[in-house]
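K.L.:
Provide a 3D model corresponding to the input given below.
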Amino acid sequence: MRLLRAGRWITGVALLLLAGVYVRALAFTPVERMQGAAQKIFYLHVPAAIWAETSMILVGLASVFYLFLKDPRLDRFAAASAEVGTVFATVILTTGPIWGKPIWGTWWTWDARLTLTLFLFLLYVGYMLLRNAVSDPGERARFAAVLGICGMVLVPFIHFSVYMFRTLHPMPIVLKPSSPSLPPVMLATWLMSLGVFTLLYVGFVIQRYALSYLREQLEAVGEAGSGKGEG
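P.N.:
All right, here's what the predicted structure looks like:
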């Protein structure tokens with residue numbers, strides 16, 4: 001299927017570019033004065049966080065439109081975006097402690113943003129479990145849509161948690177007009193990484209969407225064949 005092949009090509013190119021970005025981050029981007037080499041995880045952790053949150057926003061928006069339009073393509077896209085978001089949320093929760101241990105002195109703390117991000121990950125997992133637990137396609141899509149909308153509502157709280165609560169996470173420094181802000185060479189590396197993660201999201205979602213569509217077609221053919229056999 002063309003869509004599946006396109007997704008694989010995009011993902012392959014994105015993975016190669018990600019390797020290139022990390023060569024740049026490790027070898028050609030300055031070491032941050034206060035955090036040292038641990039700060040290099042920033043170029044993986046933050047883009048993954050942005051796309052874990054964006055994935056859930058897109059799940060929620062697709063879910064809202066699905067409830068009104070009942071278009072199975074919207075449900076299919078929401079499911080694909082949720083699967084990819086789960087991967088990115090896993091990246092956040094694994095790279096965060098590696099970065100936090102030398103800086104905060106602990107692998108984990110019940111910091112507001114960390115706790116809400118964990119909740120987002122659990123929502124993703126719950127969304128996937130729900131889709132696997134409900135066999136009727138219509139009910140599955142409706143129930144998943146409601147959960148997807150709940151996940152979308154959570155995202156702003158994660159993003160603004162550093163303003164709303166006392167937190168170990170620093171205030172945003174990317175694309176800030178005021179000081180302190182990210183030096184140009186670090187910003188360039190980060191923007192490259194964000195672009196690569198965008199490609200990864202697109203490639204993964206296209207593949208998952210295509211595989212879901214093919215699975216639905218095979219199930220439809222199987223049901224039609226069994227119906228003819230019974231007749």
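K.L.:
report the longest helix in this protein, please.
P.N.:
Secondary structure assigned by DSSP state H gives helix 184-230 as the longest helix of the chain.
K.L.:
and it, what other elements does it pack with?
P.N.:
Contacting helix 184-230 under the criterion 3 or more C-beta pairs under 8 Å, 6 or more residues apart in numbering; DSSP states H and E are the following elements: helix 2-23, helix 42-69, helix 72-104. No exception for glycine: its C-beta is placed from N, CA and C like everyone else's.
K.L.:
Could you give me the buried positions within the helix or strand following the last one?
P.N.:
Meaning helix 72-104. Per DSSP states H and E, the first helix or strand lying C-terminal to helix 72-104 is helix 112-133. Going by neighbour count (16 or more other C-beta atoms under 10 Å), the buried part of helix 112-133 is 112-118, 120-121, 123-124, 127-128, 131.
K.L.:
Please apply the same query to stretch 206-221.
P.N.:
Going by neighbour count (16+ other C-beta under 10 Å), the buried part of stretch 206-221 is I206, Q207, R208, Y209, A210, L211, S212, Y213.
K.L.:
Return the residues in contact with the closest residue to the last one other than its chain neighbours.
P.N.:
Of all residues not flanking Y213 in the chain, R76 sits nearest, at 6.4 Å (C-beta to C-beta, 6 or more residues apart in numbering). Under the criterion of C-beta atoms under 8 Å, 6 or more residues apart in numbering, the contact partners of R76 comprise Y209, S212, Y213, E216.
K.L.:
got the residues you listed as a markdown table, with distance to T198 and pLDDT columns?
P.N.:
Formatted as a markdown table, the contacts of R76 follow (distance: C-beta to C-beta, whole Å; pLDDT from 0 to 100):
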| residue | distance to T198 | pLDDT |
| --- | --- | --- |
| Y209 | 16 | 95 |
| S212 | 21 | 90 |
| Y213 | 23 | 89 |
| E216 | 27 | 81 |
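K.L.:
would you turn those residues into a markdown table with distance to Y43?
P.N.:
Converted to a markdown table, these look like this (distance: C-beta to C-beta, whole Å):
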| residue | distance to Y43 |
| --- | --- |
| Y209 | 28 |
| S212 | 31 |
| Y213 | 34 |
| E216 | 38 |
